[in-house]
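Enquirer: Structure, please.
(2 chains)
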Amino acid sequence: MKKKNSVFLIITIPAFLLFFIFHSFPALQGIFYSFTDWKGYGDWNFVGLKNYLNVFKDERAGDAYLFTFKFAIVATILVNIISLLVAIGLNSKIKFHKTLRAIYFLPYILSILIVGFIFNFIFAHFLPQIGDAFGWEFLTRNILGNPDLAWIGIVIVAVWQAVSFNTILYLAGLVTISEDLYEAASIDGAGVWTKFWKITFPLIAPFFTINMVLSLKNFLMVFDQIVALTGGGPGKSTESISLLIYRGGFEGGEFAYQSANAVIYFIVIIVFSVIQLKFLNKREVEN
Amino acid sequence: MNRKKSSWLVTSLLILGSLLILFPLYLTITIAFKTPPEMAGNLLALPKSWSFDNFAQAIEMTNFFNAFKNSAFVTIFVVIFTVLSNSLVSYAIARNLHKKFYKFLYFYFLSAMFIPFPIIMLPLVKQTSAWGMDNLVGLIILYIVFNLSFNVFIYIGYIRAIPVELEEAAIMDGATTWGVFWKVIFPLLAPMNATVAIITSLGAWNDFMLPLVLLSDREMATLPLVQYIFQGQFSTDYNLAFASYLMALAPMIIVYIFAQKWIISGVMKGSIK
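Expert: Model (predicted):
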């Protein structure tokens, strides 16, 4: 028995150490530096909460938070509505069932960065050409070049990609619902709408919860799509929090300052995930 | 009766929707084969002649085969070592969850899933470059370690459903803990190993952010990173850019066409755990 214990320790202790060294230690270091004025090189001094106070006063950071939240909330809602519809469609009696499922899942396997570059072309050249051909004024200009509309382009690409994974999750929930329930409801005279709200939705509620939380968390970290589509522009209108931390930290000599920003960002993500979980779990129970 | 009638309506709607997914890919393929003068006409049209010139040029410009080799090298080693090491660690934790240390480890790895990468990004890059890990081997090690968070979660759920009696029987026959794992447990984990391998390979192959911040040497750039590095040079020639995108996407698409059944069910299994 003793020998067995030591084998388990020999396995887990290196894993624990490696994880600590490459994950937790950098995180702790980041928190530590957030209280200093380190530029990423040279000397440093403790500055207390100065970085944190400055992040709150920083207009660029404020704009990045606003943009990221606006984007993440809209994208989360759209992705969940669309993928739930697609999943219900794929779960019903249809032709070409396997092929359609394979197509709808395809975006999940593609690199987001490259997909972003392809859509960049679509927004910049293809849609304006369509706009010109049909005389549709609103399409003739590249929306990515418009500070007020560029975020919509990013939402479109993010949703295009994320629907695939969320659909799979909803589909996993839908296949567990027994056909008998729907038949019984039909006999009782329930319509499509009633069946959805009284049977489908309550039974896939746990999948709805996990999809909402995961989507919001992933969208709050948006990076690749923005690099490929707008690079944060025009101006700073689509600069996300991740992009700001990356740019300021590596290119702007704001190592300590962006570390403070990263800590705030982390707290925000945790708070949002917990609130969402609490709220959605409560609904599940009530249902 | 009712359901049968509606099936064609739903099918057509889904086919219509799937065009939104296929259209960008159609555009990518056709543009990759066109010449710059052809771009002036109808963008929807097929290329007049299917020429591979764009591909030849893109291969040379981006040093495609080098990037492909880097991506393949990273992905293959990450998948092999992730499956071997993460399953072993998960097993050790799963069979000792009643003990404080292992229970702590379980929640420790799990909680890391909620830490956004930008938090650790800045210090991590300093640390890895100071240790000479700003290369492909460093990238591989980091992926394997970071994967623990999610994989511990899905492996442990699966391992706990395997009856302990199986192991006890093997121990009676004189097997060591080590032997029990590789001869009894690891083969039983096959479906989970496949799931982890699929999710891990997609993650390593498509990742952009970690190679971007970690790798300083252009020779080591992975496929997504190469597309980014050469973006500036592409801006004048879309045909070249799209040939390059297509080559970067093609390996995954080809694998997907042949293995989509397993890929979809693998990801499904991983995500509902």
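
Enquirer: Does chain A have contacts with the top helix by length along chain B?
Expert: If you go by DSSP state H, chain B has its longest helix at helix B:238-272. Yes: counting by CB under 8 Å from any CB of the partner chain, chain A is contacted by helix B:238-272 at B:238, B:241-242, B:245, B:248-249, B:252-253, B:256, B:260-261, B:263-264, B:267-268, B:271-272. All C-beta atoms are positioned from the backbone trio N, CA, C, and that covers glycine.

Enquirer: Can I get the buried part of those residues as one PyMOL selection?
Expert: Under the burial definition 16 or more other CB atoms under 10 Å in any protein chain shown, those of the residues of helix B:238-272 next to chain A that qualify are selected in PyMOL by:
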select buried, chain B and resi 238+241+242+245+248+249+252+256+260+263+264+267+268+271+272
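
Enquirer: shaky segments in the chain?
Expert: Since no chain was named, I'll use chain A. A:1-4, A:284-287 (pLDDT under 70).

Enquirer: Switch to chain B, please.
Expert: B:1-6, B:234-235, B:273.

Enquirer: center of it - which residue?
Expert: For chain B, the residue sitting closest to the mean C-alpha position, by CA atoms, centre = their mean, is B:Leu202 at 1.5 Å.

Enquirer: Tell me how far that residue lies from A:Asp37.
Expert: 41 Å (CB to CB, to the nearest Å).

Enquirer: Next: B:Tyr238.
Expert: Relative to A:Asp37, and taking CB to CB, B:Tyr238 is found at 45 Å.

Enquirer: One more: A:Asn142?
Expert: Going from A:Asn142 to A:Asp37 by CB to CB gives 41 Å.

Enquirer: And for B:Ile185?
Expert: To A:Asp37, B:Ile185 is 51 Å away according to CB to CB.

Enquirer: Who has more neighbours out of these two?
Expert: Remark: of B:Ile185 and A:Asp37, B:Ile185 carries more neighbours, 20 against 15, as counted by other CB atoms under 10 Å in any protein chain shown.

Enquirer: so what's that one closest to, chain neighbours aside?
Expert: B:Tyr91 (5.7 Å; CB to CB, 6 or more residues apart in numbering or on different chains).

Enquirer: does any part of stretch B:210-227 sit near chain A?
Expert: Yes: judged by CB under 8 Å from any CB, stretch B:210-227 comes into contact with chain A at B:Val213, B:Leu223, B:Pro224, B:Gln227.

Enquirer: Enumerate the positions of that stretch that are buried.
Expert: Those would be B:210-215, B:220-227, for stretch B:210-227 by 16+ other CB under 10 Å.

Enquirer: Run a quick neighbour tally on residue 116.
Expert: With no chain named, the answer covers chain A. 23.

Enquirer: should've been chain B
Expert: Counted by other CB under 10 Å, the residues lying close to B:Pro116 total 20.

Enquirer: So it sits against A:Ile264, correct?
Expert: No: here B:Pro116 does not reach A:Ile264: they are 11.2 Å apart, not a contact under CB atoms under 8 Å.

Enquirer: Tell me how far A:Leu110 lies from A:Ile118.
Expert: Counting by CB to CB - A:Leu110 and A:Ile118 are separated by 9 Å.

Enquirer: Kindly report the same for B:Phe73.
Expert: On the measure of CB to CB, B:Phe73 and A:Ile118 end up 26 Å apart.

Enquirer: for B:Phe33, same thing?
Expert: 15 Å.

Enquirer: And B:Ile253, by the same measure?
Expert: Counting by CB to CB, the gap from B:Ile253 to A:Ile118 is 13 Å.

Enquirer: Residues that sit against both of those two, list them.
Expert: Common neighbours of B:Ile253 and A:Ile118, counting by CB atoms under 8 Å, 6 or more residues apart in numbering or on different chains, are absent.

Enquirer: neighbours around the spatially closest residue to A:Ile152 that is not a sequence neighbour, how many?
Expert: Leaving aside its chain neighbours, A:Ile152 sits nearest to A:Ile143 (6.1 Å; criterion: CB to CB, 6+ apart). A:Ile143 has 19 neighbours, counted by other CB under 10 Å.

Enquirer: now the one 5 residues further on
Expert: Counted with other CB under 10 Å, residues neighbouring A:Asp148 total 9.

Enquirer: in what helix or strand does it lie?
Expert: For A:Asp148, there is no enclosing helix or strand under DSSP states H and E.

Enquirer: Tell me how many other residues surround the residue nearest to it when sequence neighbours are not counted.
Expert: Spatial nearest neighbour of A:Asp148, chain neighbours left out: A:Ser237 (7.6 Å); criterion: CB to CB, 6+ apart. Neighbourhood size, A:Ser237 [other CB under 10 Å]: 16.

Enquirer: secondary structure class for A:Ser237?
Expert: What DSSP: H, G, I helix; E, B strand; the rest coil gives for A:Ser237 is coil.

Enquirer: Tell me who's in contact with it.
Expert: Counting by CB under 8 Å, 6+ apart, the residues that A:Ser237 touches are A:Asp63, A:Phe67, A:Pro147, A:Asp148, A:Ala150, A:Trp151, A:Thr230.

Enquirer: what do you get if the cut-off is 7 Å, keeping everything else the same?
Expert: Taking CB atoms under 7 Å, 6 or more residues apart in numbering or on different chains, we find A:Ser237 in contact with A:Phe67, A:Pro147, A:Ala150.

Enquirer: again, but for B:Ala58
Expert: Applying CB under 7 Å, 6+ apart, the residues near B:Ala58 are B:Phe64, B:Leu240, B:Ala243, B:Ser244, B:Met247.

Enquirer: and residue 134, what does it touch?
Expert: All of this is about chain A. Under the criterion of CB under 7 Å, 6+ apart, the contact list for A:Phe134 is empty.

Enquirer: That was the other one, I meant chain B.
Expert: Per CB under 7 Å, 6+ apart, neighbours of B:Asp134: B:Thr128, B:Leu214, B:Leu215, B:Ser216.

Enquirer: and the first one, how many neighbours?
Expert: Spelled out, it's B:Thr128. Around B:Thr128 there are 20 residues (other CB under 10 Å).

Enquirer: May I ask you to confirm that it is in contact with B:Gly138?
Expert: Yes: taking contacts as CB atoms under 7 Å, B:Thr128 lies within contact range of B:Gly138: 5.3 Å.

Enquirer: For those two, list the residues in contact with both.
Expert: B:Leu214.

Enquirer: Can you list the buried residues in stretch A:5-24?
Expert: Applying 16+ other CB under 10 Å to stretch A:5-24 flags A:Phe8, A:Ile11, A:Thr12, A:Ala15, A:Phe16, A:Leu18, A:Phe19, A:Phe22, A:His23, A:Ser24 as buried.
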